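prediction below, plus the sequence it came from.
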Amino acid sequence: MKKQDLFFALILIAIFLPFFLSNTLYESYKSFNMAHGMIMSFLKFAVLATLGEILGLRISAGIYNRKGFGIFPRMVVWGLLGMVINMAMIVFSKGVPLFMEYMGMADASSILGGSMCLDKILVALAISISMNTIFAPVFMTFHKITDTHILMCGGKTKSLLTPIPMTKIITGLNWDVQWNFVFKKTIPFFWYPAHTITFLLPPEMRVLFAAILGIVLGVLLAIAARKK
């Protein structure tokens with residue numbers, strides 16, 4: 001293990017350990033998260049998903065940062081995307097059970113708040129499949145576009161203010177990787193089950209689990225972005 005690996009591990013420990021050591025800090029975090037969910041979504045994804053991309057760069061290139069990578073612009077973009085993810089989770093977790101009730105499954109909207117049972121698993125799975133089938137491909141493609149734009153701008157802060165050349169980037173994307181790796185593999189084999197677990201957890205646990213998934217998401221997309 002290199003010194004940079006140890007330093008990265010210490011950063012992760014510094015982020016998570018205080019919440020396990022101090023119940024007061026954890027309760028304060030939960031209270032603030034409930035009162036200011038969108039702000040916390042921005043901060044959580046800005047920090048954790050960016051750390052995931054940094055870790056993905058370490059895995060694929062052997063380094064944690066390089067010229068043109070653009071850590072700060074990535075943090076800002078991830079923060080904004082995190083707010084969109086929060087919105088999507090609210091929309092699908094509320095809308096899918098209502099649709100299931102419309103289709104004949106009684107009390108689907110209240111099942112997630114009850115004890116573990118087969119119906120609860122089915123509702124959580126239905127939410128996960130709906131969200132990751134309808135929302136995830138658009139989200140992942142847009143993230144790939146913003147990621148490419150940041151790289152094209154040399155990782156500079158100006159990338160946040162420079163118009164994105166959508167046509168140029170979209171036509172130049174590696175759709176083979178996007179389809180065969182990002183869509184066909186990560187969505188059904190990772191995100192379907194991962195988000196099923198997310199919606200099975202009690203609300204106070206979903207925050208920590210979502211934070212962990214934020215790191216995993218960054219790793220997966222970073223590796224896909226550099227996959228030959």
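Perfect, I can see it now.

how long is stretch 169-178 from one end to the other?
Terminal residues of stretch 169-178 are spaced 13 Å apart (Cα to Cα, to the nearest Å).

for residue 173, give me its contacts.
141, 144, 145, 148 (Cβ atoms under 8 Å, 6 or more residues apart in numbering). (Glycine included, C-beta is placed from N, CA and C.)

okay, now the second one: neighbour count?
When counting by other Cβ atoms under 10 Å, one arrives at 20 neighbours for residue 144.

the last one now?
For residue 148, the neighbour count with other Cβ under 10 Å is 19.

quick one: least confident of the contacts of residue 173?
Lowest pLDDT of the contacts of residue 173: residue 144, 91.

look at the residue of the chain positioned farthest from its centre and tell me its secondary structure.
No residue in the chain sits farther from the centre than residue 104, which is 31.9 Å out by Cα atoms, centre = their mean. Following DSSP: H, G, I helix; E, B strand; the rest coil, the label given to residue 104 is coil.

just the helices in the protein please.
3-21, 23-35, 37-61, 71-102, 108-111, 118-130, 136-152, 166-172, 175-177, 192-200, 203-225 (DSSP state H).

tell me what the longest one is packed against?
Applying 3 or more Cβ pairs under 8 Å, 6 or more residues apart in numbering; DSSP states H and E, one finds that helix 71-102 makes contact with helix 37-61, helix 108-111, helix 118-130, helix 136-152.

looking at these, which one is packed in the most?
Highest mean neighbour count of the helices and strands packed on helix 71-102: helix 37-61, a mean of 20 (counted as mean count of other Cβ atoms under 10 Å).

what angle separates that one from helix 71-102?
Computed by axes from the mean of the first three to the mean of the last three Cα atoms, to 10 degrees, the angle separating helix 37-61 from helix 71-102 equals 120 degrees.
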